[in-house]
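Novice: got a structure for you, letters missing:
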């Protein structure tokens, strides 16, 4: 699972784009127990979610035409210009070139060859999430892609990721980890889009997983607050109990009560 020992290529941040930030913040506060700190005009209204007093995610209202409501995952880099060049050389595209985010760091936005959006973050004053892997925080990320082999090649070229094949019910699961930290630092996985019985019709995408104390209670709260339970909680051997929801605006996110935490 994730930690805040950030190294190049590891997830360091994730944030939400939504048409109604106030309503979305109320939903996630109810579902995950987060609090939301709205941002001022100096940051374009960009706010942050906290869990246990630590900043764990961001969010802001997206104007019409800026894409569907969604969560975006950021991966750490020490040289964001070099990352942008690597994305293009590996067959991806730069959708927003590197920019300074005040004195906090530098960000850029990309699409991989399958069209999946993701971002990179070069830290300065802000490293990223202040907590990870604990209840209420990001614990895992997962890529659903039409071609796992092509995806592993692309992200290896961009971030130097290494992959491992892990036995899994029904086959194997491709895990990913930063090259500089070894397999024990795995933070996510890749799944063939054809194997996604829940969201395959929406195309390839990155899915963040939030660690929770009680997967069933999380699904129930999401439903009560106007969200959609896209995959009811289910047990996965060696992993825990996990499920998926969409918020009232359609942004998708997953949750897991890990075996170690249950």
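Specialist: Right, received. Where do you want to start? What you are looking at is a predicted structure, and each value in this text was computed from that prediction instead of being measured.
Novice: Can you pull out the low-pLDDT segments for this structure?
Specialist: 1, 200, 260-262 (pLDDT under 70).
Novice: Can you name the residues that contact residue 134?
Specialist: Each residue near residue 134 by Cβ atoms under 8 Å, 6 or more residues apart in numbering is listed here: 51, 52, 211. Just so you know, the C-beta spots here come from the backbone N, C-alpha and C atoms, and that holds for glycine as well.
Novice: Ranking by neighbours, what's the top pick from those?
Specialist: Neighbour tally across these (other Cβ atoms under 10 Å): the maximum, 25 neighbours, falls on residue 211.
Novice: Would you check how far apart that one and residue 190 are?
Specialist: Going from residue 211 to residue 190 by Cβ to Cβ, to the nearest Å gives 20 Å.
Novice: one step back: quickly name whichever of the contacts of residue 134 is closest to residue 128.
Specialist: The closest of the contacts of residue 134 to residue 128 turns out to be residue 51 (Cβ to Cβ; 14.1 Å).
Novice: and the closest one, bridged to which residues?
Specialist: Assessed by DSSP bridges, residue 51 has beta-bridge partners residue 54.
Novice: As CSV, the contacts of residue 134 with distance to residue 8 would be great.
Specialist: Converted to CSV, the contacts of residue 134 look like this (distance: Cβ to Cβ, whole Å):
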residue, distance to residue 8
51, 25
52, 27
211, 24
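Novice: Just name the closest of the residues you listed to residue 121, please.
Specialist: Nearest to residue 121 among the contacts of residue 134, counting by Cβ to Cβ, is residue 51 at 19.2 Å.
Novice: ok, now how distant is the closest one from residue 61?
Specialist: Using Cβ to Cβ, residue 51 is found at 21 Å from residue 61.
Novice: Also residue 52?
Specialist: As judged by Cβ to Cβ, residue 52 and residue 61 stand 26 Å apart.
Novice: do the same with residue 237
Specialist: Noted for residue 237: a distance of 41 Å to residue 61, by Cβ to Cβ.
Novice: What of residue 68?
Specialist: 14 Å.
Novice: try residue 193
Specialist: Residue 193 sits 30 Å away from residue 61, going by Cβ to Cβ.
Novice: For the helix or strand harbouring residue 22, name the packing helices and strands.
Specialist: Element membership for residue 22, per DSSP states H and E: helix 21-32. On a contact count with 3 or more Cβ pairs under 8 Å, 6 or more residues apart in numbering; DSSP states H and E, helix 21-32 meets strand 11-18, strand 35-37, strand 47-51, strand 54-61, helix 215-224.
Novice: Off-centre distance for that helix?
Specialist: Averaged C-alpha coordinates place helix 21-32 at 17 Å from its chain's average position (Cα atoms, centre = their mean, to the nearest Å).
Novice: Tell me which residues are up against it.
Specialist: Counting by Cβ under 8 Å, 6+ apart, 16, 18, 34-36, 38, 45, 47, 49, 51, 59-61, 69, 136, 210, 212, 218, 221-222, 224-227, 245, 247-249, 251, 255 sit against helix 21-32.
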